[in-house]
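In: structure for the following, please:
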Amino acid sequence: MQFEQIASQVFPYVIGGLAVVNAVIWLWLMIDSRARKTHLADYLFNAVRTVSRQSDLTQSMTIDERINVFMADIRDAVENPSTKEESRVLLDRLMTKDESRIYLKTHAFERWYSVARTFIEIFPLLGIVGTVLAIWAGMSSSGANDADKVTRVVQNFGHSVISTAVGLGAAIAFMFLNSFLEPGFERMLGYADAIRDMVAHAKKKLGLAPWESVELSK
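Out: The predicted structure follows:
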């Protein structure tokens with residue numbers, strides 16, 4: 001059995017294996033995103049609990065809604081503080097935890113999210129490659145006349161259809177998954193920049209230089 005024929009028969013399983021790998025990546029992204037948002041909500045709550053004016057929370061709120069409420073309370077406290085000391089305490093809580101929090105470092109998440117989305121575009125191309133291999137396996141038969149080659153192409157047609165179907169099926173499934181998860185992922189990736197902008201704005205309101213730390217009065 002020639003290499004091309006073996007490859008055409010195995011290729012649907014290769015695509016299926018890559019689909020499983022991509023599914024694992026998406027699962028990790030979902031778990032990691034959920035963990036980052038949970039820790040971020042705890043971090044913001046730790047800062048906002050020093051604020052005298054806080055919004056009411058309900059049990060039905062999602063993590064994203066809680067984060068948005070906490071950030072709105074912090075922005076309000078920065079813009080209209082009850083006292084300057086309250087602003088300084090709030091800024092200190094934000095700054096002392098901002099630099100060390102790993103959930104604000106999103107480079108690894110962004111990299112793997114890009115890989116997962118690239119797979120969506122690759123799967124249809126892999127299906128086409130499987131189809132080409134199946135046709136090539138039939139056309140490259142040594143010592144066969146044209147009629148035999150056509151017969152072999154027809155015999156390999158099943159493998160080519162399977163490759164195309166698996167590739168398109170995987171692309172469609174992950175495309176729907178991405179459309180469902182993308183808004184939450186994009187919000188999570190935007191939180192880090194929003195918090196750093198909020199810290200910079202709070203420093204500006206207190207008249208501190210961008211690199212200057214806060215010293216609380218005891």
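In: CA only for contacts and neighbour counts going forward, please
Out: Noted.
In: okay, now the unreliable bits of this protein?
Out: Scanning the chain for pLDDT under 70 picks out the ranges 1-8, 50, 52, 54, 81-87, 91, 93-104, 137-159, 202-203, 205-218.
In: now do 50
Out: Low-confidence segments of the chain, defined by pLDDT under 50: 1, 98-99, 209-218.
In: what's the longest helix in this protein?
Out: Assignment by DSSP state H gives helix 157-205 as the longest helix of the chain.
In: that one - contacts with which helices or strands?
Out: Contact analysis of helix 157-205 by 3 or more Cα pairs under 8 Å, 6 or more residues apart in numbering; DSSP states H and E lists helix 3-48, helix 63-79, helix 84-98, helix 107-139 as its packing neighbours.
In: helix/strand/coil for V51?
Out: coil (DSSP: H, G, I helix; E, B strand; the rest coil).
In: so it touches V78, yeah?
Out: No: with contact defined as Cα atoms under 8 Å, V51 and V78 do not form a contacting pair (9.7 Å).
In: those two: which is more packed in?
Out: A side-by-side neighbour count of V51 and V78, using other Cα atoms under 10 Å, places V78 first with 25 against 20.
In: for R66, see how far away that one is.
Out: Computed as Cα to Cα, to the nearest Å, the V78 to R66 distance reads 18 Å.
In: so what's the residue count around D56?
Out: D56 is flanked by 7 other residues according to other Cα under 10 Å.
In: where's it, which helix or strand?
Out: Under DSSP states H and E, no helix or strand contains D56.
In: need the contact list for it.
Out: By Cα atoms under 8 Å, 6 or more residues apart in numbering, no residues touch D56.
In: leaving out chain neighbours, which residue sits closest to F45?
Out: Nearest residue to F45 in three dimensions, chain neighbours excluded: F70, at 6.5 Å (Cα to Cα, 6 or more residues apart in numbering).
In: what do you get for I74?
Out: Nearest non-adjacent residue to I74, counting by Cα to Cα, 6+ apart: V48, 6.1 Å away.
In: D32 too?
Out: Leaving aside its sequence neighbours, D32 sits nearest to F109 (Cα to Cα, 6+ apart; 8.0 Å).
In: double-check that neighbour against L29; I have them as touching.
Out: Yes: assessed by Cα under 8 Å, F109 is found in contact with L29 at 7.0 Å.
In: and the closest residue in space to M30 that isn't next to it in sequence, how far from F11?
Out: In this structure, M30 finds its nearest non-sequential neighbour in L181, 8.0 Å apart by Cα to Cα, 6+ apart. Remark: distance between L181 and F11 (Cα to Cα) = 29 Å.
In: higher neighbour count, those two?
Out: The residue with more neighbours, out of L181 and F11, is F11; 24 against 15, by other Cα under 10 Å.
In: show me what contacts the more buried one?
Out: Each residue near F11 by Cα under 8 Å, 6+ apart is listed here: 130, 163.
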